[in-house]
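K.L.:
Need a 3D model of the sequence below.
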Amino acid sequence: MPDEARARLDAQLAPYRRAFPDARWTHPRTWHLTLLFLGSVQQVHVARLEQLVEAVGIEVAPYAAVAERGGGRARQQGGVAWVALGTGAGELIEAATIAVEHCPPDITEGPPPRRTPSAHLTVSRHVDESVIEALRSEACGPLSVRWMVDRIQLVRSHLEPGGARYETLYETTM
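P.N.:
Numbers count the residues shown, from 1 in each chain. I've put the predicted structure just below:
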């Protein structure tokens, strides 16, 4: 997600953060569109994943994305809130399907890779239904940001006490 799109969405979410200070709002630098959940992968397999990223980049053309619909899922121990893609959702799911089809089945140490179930940017965790409903109804202001998706990254997630930190291992343009 380009920095200017992050800045616009961050500004649009500011009234929501003020209205719901107890939610754990994710930092804009962590916003991303996920294609595959891989789980634990040994360093020796990173080159194979770089080839996967290249293969998907060849098959998928750049596309416009519009994050515009708030949503989420409430859970007893805290839910998750997101801004979903409207425009570009189909293209993202298609890219995720291509990625999972090309992904070597033996690449992970745990469960097999799985594609993302939906096209969204996670914007908050530990939320209740009131946060999700406010985002859905745009109670604190409109949510809409547009950008071109023109690259695919291989990203390692580091789980830390303050949340996830992401490290880009490889990137290709589409």
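K.L.:
Could I get the full set of strands for the chain?
P.N.:
Using DSSP state E, the strands of the chain run over residues 24-25, 36-37, 63-73, 79-85, 114-115, 120-127, 145-149, 151-160, 163-173.
K.L.:
Mind checking these for the one nearest to Pro2?
P.N.:
Shortest separation from Pro2 across the strands of the chain is recorded for strand 145-149, at 5.2 Å, computed as C-beta to C-beta. C-betas here are computed from N, CA, C, even on glycine.
K.L.:
The closest one pairs with which strands, parallel or anti?
P.N.:
The pairing partners recorded for strand 145-149 under DSSP bridges are strand 63-73 (antiparallel).
K.L.:
pLDDT averaged over the strand it pairs with, what's the number?
P.N.:
Here strand 63-73 scores 96 as its mean pLDDT.
K.L.:
Please determine how far the nearest residue in space to Leu13 that is not next to it in sequence is located from Asp10.
P.N.:
Nearest non-adjacent residue to Leu13, counting by C-beta to C-beta, 6 or more residues apart in numbering: Val123, 6.1 Å away. Noted for Val123: a distance of 9 Å to Asp10, by C-beta to C-beta, to the nearest Å.
K.L.:
Please convert the strands of the chain to JSON lines, extending it with mean neighbour count and distance to Val100.
P.N.:
JSON lines is the format used below for the strands of the chain (neighbours: other C-beta atoms under 10 Å; distance: least, C-beta to C-beta, whole Å):
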{"stretch": "strand 24-25", "mean neighbour count": "16", "distance to Val100": "29"}
{"stretch": "strand 36-37", "mean neighbour count": "18", "distance to Val100": "6"}
{"stretch": "strand 63-73", "mean neighbour count": "19", "distance to Val100": "18"}
{"stretch": "strand 79-85", "mean neighbour count": "23", "distance to Val100": "18"}
{"stretch": "strand 114-115", "mean neighbour count": "16", "distance to Val100": "4"}
{"stretch": "strand 120-127", "mean neighbour count": "21", "distance to Val100": "18"}
{"stretch": "strand 145-149", "mean neighbour count": "17", "distance to Val100": "18"}
{"stretch": "strand 151-160", "mean neighbour count": "14", "distance to Val100": "13"}
{"stretch": "strand 163-173", "mean neighbour count": "13", "distance to Val100": "17"}
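K.L.:
Looking at those, spot the one closest to Ala95.
P.N.:
Nearest to Ala95, of all those, is strand 151-160, at 7.5 Å by C-beta to C-beta.
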